[in-house]
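Undergrad: Provided below are the primary sequence and the corresponding predicted coordinates.
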Amino acid sequence: MENDDPDTFHPWYPTGVDTGKILTSGSSAFIAIFNGEPDTVLKFPLVPRDDTGNFTDSGRSYRRKFRDQILKGLEVEILILKVLGNHPRIIRLKGIHEDGLLIEYMPNGSVEAYLRNNPSTPPLQRLKWAYEAAEGLAYVHQKKVIHCDISIGNILLDSDLNIKLSDFEGRVLNDEREVIHDGGALAGIMSSMPRADPSFCDQKTDIFALGTAIYFIATGEMPFSHLATNALDHEDAIQSLFQRGDFSFLDGLLVGDVVRKCWKGAYESAVDLTFELHQLHSTITGETTMIEVD
């Protein structure tokens, strides 16, 4: 009998999740409606608790280690969400499950999916999302948390089309800025600031990644789009382009200067980024709104 591919993950259903209720999956976890509750989802590992596939010994060992790695990330995510508490720009932890964590359901999905389905979204709405994402990141950093994997897939939209950040499998720091908890998250290629140690994360690497997200929010596409569709095959080229710093394609873009400063590491904090985006929005609309960074 032919062995199963250890990198293939089929849907499975933990306690409280009905068959067919999985909404989506990421690189490590499924998201499913929990117990028929319209406002609660369960995030749980791709690898089931009882992994009964026909794998080789090495394949089974690989999947077991992968599940352990996912569970560690989920444990850190629970810890981080408890540290962050309730904030309008942060997804809310609703409980802990034997197979993962319960979080609030975001009915409009990710900003990536929404913009791909709604390409005519007005520029002012996009700008509002950019500064909402920035104020969320500013709050995260004030709580001594580094996200480590800001991307358009984990910037979500609630029922009122407001931004909430999710997927907190990053790092918690102490008062001396030392890492005390690490969920293992790392930014994807299009969001990764060029640096000697790709595993190093700090506030500026988060802000760099948010710059890529803001670029997508503004334009509906990733930078270096001719390479982005097969980013894994072009990682060195993408890193070289970011490092070269020729971002002339940002000229004339409403948030072009903001994105450029994110990519060049010019912001000292996400608070500075938030206020610049808020000021830009206020200048255009004449409206002044409260910034939620505390």
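TA: Now that the structure is in, tell me what you want to look at. Everything numeric here is computed off the predicted structure, so don't read it as measured data.
Undergrad: Which residues does stretch 11-18 contact?
TA: Residues from elsewhere that reach stretch 11-18 (CB atoms under 8 Å, 6 or more residues apart in numbering): 19, 21-22, 30, 32-36, 42, 44, 48-49, 97-100. Placement of C-beta: from N, CA and C, glycine included.
Undergrad: How about the lengthiest helix in the chain, which residues are buried there?
TA: Using DSSP state H to define each element, the chain has its longest helix at helix 57-84. Residues of helix 57-84 classed as buried by neighbour count (16 or more other CB atoms under 10 Å): 59-60, 63, 66-67, 70-71, 73-81, 84.
Undergrad: and that helix, what other elements does it pack with?
TA: strand 40-45, strand 93-97, strand 100-104, strand 145-146, strand 171-173, strand 179-182 (3 or more CB pairs under 8 Å, 6 or more residues apart in numbering; DSSP states H and E).
Undergrad: Tell me how this protein divides into domains.
TA: With domains defined by automatic domain parsing, the chain comprises 22-104, 111-285.
Undergrad: Can you add distance to P14 and mean pLDDT and give the ones you listed back as CSV?
TA: Listed next are those as CSV, based on distance: least, CB to CB, whole Å; pLDDT from 0 to 100:
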stretch, distance to P14, mean pLDDT
domain 22-104, 4, 95
domain 111-285, 19, 95
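Undergrad: what are the ranges of the helices in this structure?
TA: 57-84, 111-117, 123-142, 203-219, 225-228, 235-244, 256-263, 270-285.
Undergrad: Select only the buried ones of the contacts of stretch 11-18 in ChimeraX?
TA: The following ChimeraX line selects those of these that are buried, judged by 16+ other CB under 10 Å:
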select :21,22,30,32,33,34,42,44,48,97,99,100
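Undergrad: Dump stretch 72-86 to PDB, restricted to CA.
TA: Presented in PDB, the C-alpha positions along stretch 72-86 are these (Å, rounded to 0.1, in the frame of the first residue of the first chain):
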ATOM      1  CA  LYS A  72       3.200  25.600  21.400                       C
ATOM      2  CA  GLY A  73       2.300  28.400  19.100                       C
ATOM      3  CA  LEU A  74      -1.300  28.200  20.200                       C
ATOM      4  CA  GLU A  75      -0.300  28.200  23.800                       C
ATOM      5  CA  VAL A  76       1.700  31.400  23.300                       C
ATOM      6  CA  GLU A  77      -1.200  32.900  21.300                       C
ATOM      7  CA  ILE A  78      -3.500  32.300  24.300                       C
ATOM      8  CA  LEU A  79      -1.000  33.900  26.600                       C
ATOM      9  CA  ILE A  80      -0.500  36.900  24.300                       C
ATOM     10  CA  LEU A  81      -4.300  37.500  23.900                       C
ATOM     11  CA  LYS A  82      -4.600  37.500  27.700                       C
ATOM     12  CA  VAL A  83      -1.800  40.000  27.900                       C
ATOM     13  CA  LEU A  84      -3.500  42.200  25.300                       C
ATOM     14  CA  GLY A  85      -7.000  42.000  26.800                       C
ATOM     15  CA  ASN A  86      -9.900  43.700  25.200                       C
END
